[in-house]
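**Student:** generate a structure from the sequence data that follows.
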Amino acid sequence: MTDAIRIHAADNVATALGDLAAGSDLTVGAVRIPVREAIARGHKFALAPIARGERIVKYGFPIGIATADIAAGAHVHSHNLATALHSDDEYAYAPTIGAPSPTPPSHSFMGYARADGRAGTRNEIWVLPTVGCVGNLAARVARIAGERHAGCIDGVHAFKHPFGCSQLGDDLGHTRALLAALAQHPNAGGVLIVGLGCESNQLGPLLELIAPERRANIRTLSAQAVEDDEAACLALVDELVAGCANMPRTEMPLSRLVLGVKCGGSDGLSGLTANPLVGRMADAVAAADGKVVLTEIPEIFGAEQMLMDRAASRHVFDETVALVRDFKEYFVRNGEPVSENPSPGNIAGGITTLEEKSLGAVQKGGKVPLVDVRRYGGEATLPGLTLLEAPGNDAVSSTALTAAGATIILFTTGRGTPLGFPAPTLKIASNSPLATRKAGWIDFDAGQVLEAGFDKAADALLDLIVATASGAATKAERNEERDIAIWKSGVTL
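**Tutor:** Numbering: from 1, shown residues only. Presented below is the predicted three-dimensional model:
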């Protein structure tokens, strides 16, 4: 493995692939660079002198402006690089002809056929509380029912949250839309929605958001309306289990898969290994006419034009522009700069500006044409890439991906996290030391790309995706890490 990499010929920085000692010399491409100071893995250094005010380029695109003169071989990071992002960017409709679609892979998976034509990768019972007040009731019911029905379904899971009351307007609408979408997920063979009775998020309006043809496997209960709420819930879960118990898996093409792509706790290698590797998975699933969902709108700021150039129509371009501008306005309305990212963990890992983070993050969508834009709580319905409204927060965005119909989530990380979500979530480490150190969290080591290349790693990851879709448990599932988080965007009464 080389010591550092220059990603694009236009770049004036390179990225260290391992820790570099001060005073060492290395060759990047045909350029010999004296390393002037210690450079940590994932961090950048200058390939040539960079003057104050000059653009710093990585991935072939500007990632910010030098705030001081930088010598060749010097560390480039927060002390001498600043964002150039602002809230009033202009966008141009200039669709580009993408690369030819790859040959669809011949892989298939063993999934669950649903009555509406969708496919599940799990056959579970989900218990969804309308409001935080009955969250513990839902969890207790799921635990008892899970023990009672072990072996005949893939599990019983409750998804607690603190919302559903003291909410107004669009904020309440977000909670309601998200829960209604989860209730229709193909991985749930049955769903019990438990209400309290006096909450803002009433059962009636929530059910109105659920397609009538998908209500057959949904039961509801208002806890205030019955004497023994636990017994009543368990009876309804028993009924749901009877309707989907011992359902067989059947062979299905990748076109039946819905892939959610997400990055969390990135480092300087995320855009070199894990994210482009996931992009190859997006290309493979889309080539087979499957669906891919990309979200984390604040983490495309600075790279949004790249996605817009892949819009399948003027309408999709316009919807993308509207979504990005609405999200920037959300920041401005709350008195925050649109560049308020990366996180402390990202910075420690070598990412300096949001532009840099975004240029790495959008690679998760591969080269797939952008065919649709969905607002929070919306469902991906078209083959190809769907852009979904949600913030960058790991739990909120991964829950939104699940609600959009993702039956597998690919979650890249350079820092690591134990979090898991309703849909099976594969954690993909950007670097091998993380994969080794946190083997109980990480499902796949994308650091192998640096040694073995993308083709070998892509074959291995696609095999893992197929195995997971066919029932193999992820690390998060084995660790019983299954949670949701809802986007809170308004006042609390």
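**Student:** Met110 and Ala469, how far apart?
**Tutor:** Distance, Met110 to Ala469, using Cβ to Cβ, to the nearest Å: 8 Å. Backbone N, C-alpha and C define where each C-beta goes, glycine included.
**Student:** the more surrounded of the two?
**Tutor:** Ala469 (26 against 16; other Cβ atoms under 10 Å).
**Student:** contacts only, for the more buried one.
**Tutor:** 109-111, 121, 257, 407-408, 424 (Cβ atoms under 8 Å, 6 or more residues apart in numbering).
**Student:** pull out the buried members of these.
**Tutor:** 109-111, 121, 257, 407-408, 424 (16 or more other Cβ atoms under 10 Å).
**Student:** any idea which of these is closest to Ala361?
**Tutor:** Ile408 (18.7 Å; Cβ to Cβ).
**Student:** ramachandran coordinates for that closest one?
**Tutor:** Dihedral pair for Ile408: phi -140, psi 140, per degrees, to the nearest 10.
**Student:** residues contacting Leu382?
**Tutor:** 291, 371-372.
**Student:** what sits up against the helix of greatest length in the chain?
**Tutor:** What stands out as the longest helix in the chain, according to DSSP state H, is helix 314-333. Applying Cβ under 8 Å, 6+ apart, the contact partners of helix 314-333 are 87, 91, 93, 95, 297-298, 300-301, 304, 307-308, 311, 337-338, 340, 370-373, 375, 387, 389, 489.
**Student:** same check on stretch 126-138?
**Tutor:** Under Cβ under 8 Å, 6+ apart, the answer for stretch 126-138 is 139, 141-142, 145, 156-165, 179, 182-183, 185, 188, 190-196, 199-203, 206, 223, 229-230, 233, 237, 422.
**Student:** average model confidence for that stretch?
**Tutor:** Mean pLDDT, stretch 126-138: 98.
**Student:** give me the buried positions along it.
**Tutor:** Buried-residue list, stretch 126-138, by 16+ other Cβ under 10 Å: 126-135, 137-138.
**Student:** turn those into a markdown table, including secondary structure and distance to Thr381.
**Tutor:** Shown next, in a markdown table, are those (DSSP: H, G, I helix; E, B strand; the rest coil; distance: Cβ to Cβ, whole Å):
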| residue | secondary structure | distance to Thr381 |
| --- | --- | --- |
| Trp126 | strand | 21 |
| Val127 | strand | 26 |
| Leu128 | strand | 22 |
| Pro129 | strand | 27 |
| Thr130 | coil | 25 |
| Val131 | coil | 29 |
| Gly132 | helix | 31 |
| Cys133 | helix | 34 |
| Val134 | helix | 31 |
| Gly135 | helix | 30 |
| Leu137 | helix | 34 |
| Ala138 | helix | 29 |
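**Student:** re the thing from before, and the contacts of helix 314-333, which of them are buried?
**Tutor:** Counted by 16+ other Cβ under 10 Å, these give 95, 297-298, 300-301, 304, 307-308, 311, 338, 370-373, 387, 389, 489 as buried.
**Student:** one step back: can you put the buried ones among the contacts of Ala469 in TSV and add distance to Glu251 and secondary structure?
**Tutor:** Shown next, in TSV, are those (distance: Cβ to Cβ, whole Å; DSSP: H, G, I helix; E, B strand; the rest coil):
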residue	distance to Glu251	secondary structure
Phe109	8	strand
Met110	6	strand
Gly111	8	strand
Thr121	13	coil
Leu257	13	coil
Thr407	15	coil
Ile408	17	strand
Pro424	18	coil
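**Student:** out of those, flag the one nearest to Pro418.
**Tutor:** Using Cβ to Cβ, those come closest to Pro418 at Pro424, 14.9 Å.
**Student:** surely the closest one and Arg122 touch.
**Tutor:** Yes - the pair Pro424 and Arg122 passes the contact test of Cβ atoms under 8 Å, sitting 6.7 Å apart.
**Student:** need the overlap of contacts for those two.
**Tutor:** Thr407.
**Student:** name all residues that make contact with Asn217.
**Tutor:** With Cβ under 8 Å, 6+ apart, Asn217 has these contacts: 188-191, 240, 243-244.
**Student:** ok, so what distance separates the residue most central in space within the chain from Thr425?
**Tutor:** Taking Cα atoms, centre = their mean, the centroid of the chain lies closest to Lys262, which sits 2.2 Å from it. Note on Lys262: its distance to Thr425, by Cβ to Cβ, is 8 Å.
**Student:** re the thing from before, let me know the closest of the buried ones among the contacts of Ala469 to Ser397.
**Tutor:** Ile408 (15.3 Å).
**Student:** separation between the closest one and Leu401?
**Tutor:** 10 Å.
**Student:** please apply the same query to Gln202.
**Tutor:** Distance from Gln202 to Leu401, by Cβ to Cβ: 26 Å.
**Student:** now do Glu199
**Tutor:** Counting by Cβ to Cβ, the gap from Glu199 to Leu401 is 26 Å.
**Student:** who has more neighbours, those two?
**Tutor:** Counted by other Cβ under 10 Å, Glu199 and Leu401 do not tie: Leu401 has more neighbours, with 30 against 22.
**Student:** who are the neighbours in contact with that one?
**Tutor:** Leu401 touches 260-262, 293, 295, 388, 390, 409, 421, 423, counting by Cβ under 8 Å, 6+ apart.
**Student:** turn those residues into TSV, columns for distance to Gly60.
**Tutor:** TSV is the format used below for these (distance: Cβ to Cβ, whole Å):
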residue	distance to Gly60
Gly260	27
Val261	22
Lys262	24
Val293	26
Thr295	24
Leu388	26
Ala390	28
Ile409	29
Phe421	33
Ala423	33
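**Student:** hmm, which of those residues are the buried ones?
**Tutor:** Counted by 16+ other Cβ under 10 Å, those give 260-262, 293, 295, 388, 390, 409, 421, 423 as buried.
**Student:** in strands only, show me the contacts of Leu401.
**Tutor:** 260-262, 293, 388, 409 (DSSP state E).
**Student:** bridged to Thr425, which residues?
**Tutor:** Ile409 (DSSP bridges).
**Student:** mind listing what it touches?
**Tutor:** Per Cβ under 8 Å, 6+ apart, neighbours of Thr425: 398, 408-409, 411, 419, 474, 476.
**Student:** same question, Gly345
**Tutor:** 265, 267, 415.
**Student:** let me know whether Ser222 touches Cys198 as I believe.
**Tutor:** No - with contacts defined as Cβ under 8 Å, Ser222 does not count as touching Cys198, sitting 9.3 Å away.
**Student:** ok, these two, which is more surrounded?
**Tutor:** Ser222 (19 against 11).
**Student:** low-confidence stretches in the chain?
**Tutor:** 1, 97-100 (pLDDT under 70).
**Student:** quick one: the helices in it?
**Tutor:** 135-148, 169-183, 203-208, 229-244, 274-287, 304-308, 314-333, 344-348, 354-361, 394-403, 432-437, 449-452, 454-469, 475-478.
**Student:** among these, which is nearest Leu47?
**Tutor:** Nearest to Leu47, of the helices of the chain and by Cβ to Cβ, is helix 354-361 at 15.7 Å.
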